[in-house]
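J.: sharing a sequence plus its predicted fold:
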Amino acid sequence: MGTNPPLPPPLPADNAITPLKLYQTQNSLSDYTCPWTTELELREACAKNNICLYKAPHQLKYKNFESIIQVGPTCGIVALSMLLNGEVSPNELLKIAIAEGYSNNGEMFSCQNMVQLVEKVFNLVKKNNASFQLRRGLYSKEIILELLNGATLLVAYDADCNHSPCLRNGHTAHWAIVCGILIIDDPNGNYLSDPNNIYICCRHGKSKYLAMWRLADLDSSNKNLNDINPKKKEDGLLYILPEGGIGGKNGLKDQFVMFKGL
C-alpha cells in the first residue's frame, strides 16, 4: 500500500505571500486588500502604506484628479492645473504667472501670489461656484472637518527624495494638492489626539501615483519653509521672491490655499 509524500514545511513568516507583498512585488492587488473601495489608486496607496488593508476607515473623503507631470520648476503651476482638471494647461498658467510678475521660471515662492493667480484664472474659466482663501494652521480640527466636507488644498512643503514631506528648512520646497482625507479609527471628536490616525491623499507634479501622508507630517513640513536652497542663488536663474523670503509673511511658511466647490 503506497504512502503519501510528506507535506513541505511551511514558508517562513518573512516569505509569506500577503496581499501587501503581492502588490509590492507584482504591482497588483489581491481582491482581499482594501475591499472597501473600488478606486484602484486609493487601494494601491493604502496598500503601499499599510493603511486599512482589511477594514474600512472610520471616515473617508476622496476626489480623484488626473496627474500632470511637471517640466522644470513648475510644481505649483502644475498642481493648480491639476486642481482645474487641466482646463488651463501648465503652459497657459505659466504665461499668466510670468505676465503678472509672480514667476520667472515657473517658481511660486509666495502663497499670496498663488492666491492672486488663482483669482485671475478662476475669473478666466468662470469658476463661479468655487471659492478659495489663504489659510494657516494645517493640522487643526477645522481643516480636518473642511476636508471631510470636500475641501481641496494647495500646499507647499519640503519634499524628501521620495517626494514625501520632510524638514529641510525650505531647501526642497515643492507644491502638492490635498484631494482626500482618511480617518482610520473613530477619534471620538478629538481628531488631533493621534497623528497616526489622520492621513491625506495627495498629488504632485513629480509622480503619476496618488500619495498618502500623515496630515501632521505635511503640517510640520509646511511650517519649516524658512529659506530657499542656497544653490538657487548660484544657478544663474532669476527667481521672484517675496519680501522677507519664503519664510516671511508673504512667503510659503505656514500658509496654504483652501478650495471649496471644485
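T.: That came through, no problem. What you are looking at is a predicted structure, and each value in this text was computed from that prediction instead of being measured.
J.: how about residues contacting the helix or strand that contains Cys202?
T.: Counting by DSSP states H and E, the element that carries Cys202 is strand 198-204. Residues from elsewhere that reach strand 198-204, judged by Cβ atoms under 8 Å, 6 or more residues apart in numbering: 42, 45, 49, 51, 62, 65, 67, 75, 78-79, 82, 144, 147, 159, 163, 174-184, 191, 210-216, 218. C-beta here means a position set from N, CA and C on the backbone, and glycine is covered the same way.
J.: state the distance from Met238 to Asn104.
T.: For the record, residue 238 is Leu, not Met. To Asn104, Leu238 is 5 Å away according to Cβ to Cβ, to the nearest Å.
J.: er, Gly150 actually
T.: To Asn104, Gly150 is 35 Å away according to Cβ to Cβ.
J.: still on that earlier bit, higher neighbour count, Leu238 and Asn104?
T.: Taking other Cβ atoms under 10 Å, Leu238 and Asn104 do not tie; Asn104 has more neighbours (13 against 9).
J.: ok, the more buried one - contacts?
T.: Residues in contact with Asn104 (Cβ under 8 Å, 6+ apart) are 98, 237-240.
J.: mark which of the residues you listed are buried, thanks.
T.: Among the contacts of Asn104, the ones that count as buried by 16 or more other Cβ atoms under 10 Å are Ile240.
J.: which one of the contacts of Asn104 sits closest to Thr33?
T.: Tyr239 (43.7 Å; Cβ to Cβ).
J.: helix/strand/coil for the closest one?
T.: Here Tyr239 is coil, with the state taken from DSSP: H, G, I helix; E, B strand; the rest coil.
J.: report the contact partners of it.
T.: If you count contacts by Cβ under 8 Å, 6+ apart, Tyr239 has them with 104-105, 107, 109, 228, 232.
J.: from the residues you listed, which has minimum pLDDT?
T.: Among the contacts of Tyr239, Lys232 has the lowest pLDDT, at 85.
J.: sec struct for it, please.
T.: Secondary structure assignment for Lys232 (three-state DSSP): helix.
J.: so what's it closest to, chain neighbours aside?
T.: Leaving out its chain neighbours, the residue that sits closest to Lys232 by Cβ to Cβ, 6 or more residues apart in numbering is Tyr239, at 6.2 Å.
J.: chain center to the strand holding Cys202: distance?
T.: For strand 198-204, the separation from the chain centroid amounts to 4 Å (computed by Cα atoms, centre = their mean, to the nearest Å).
J.: next secondary structure element downstream of it?
T.: Next along the chain after strand 198-204, taking DSSP H and E as the criterion, comes strand 211-214.
J.: quick one: neighbours of Asn250, just the number.
T.: Residues lying near Asn250 (other Cβ under 10 Å) number 16.
J.: in helices, which of the contacts of strand 198-204 fall?
T.: By the criterion of DSSP state H, membership of the contacts of strand 198-204 in helices covers 42, 45, 75, 78-79, 82, 144, 147, 215-216, 218.
J.: okay if I get these as TSV plus pLDDT and neighbour count?
T.: Shown next, in TSV, are these (pLDDT from 0 to 100; neighbours: other Cβ atoms under 10 Å):
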residue	pLDDT	neighbour count
Leu42	95	22
Ala45	96	23
Cys75	97	23
Val78	98	26
Ala79	98	29
Met82	97	24
Ile144	98	21
Leu147	98	25
Leu215	98	26
Ala216	98	19
Leu218	98	24
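J.: which of the residues you listed lies closest to Pro195?
T.: Closest approach between these and Pro195, by Cβ to Cβ: Ala216, at 3.7 Å.
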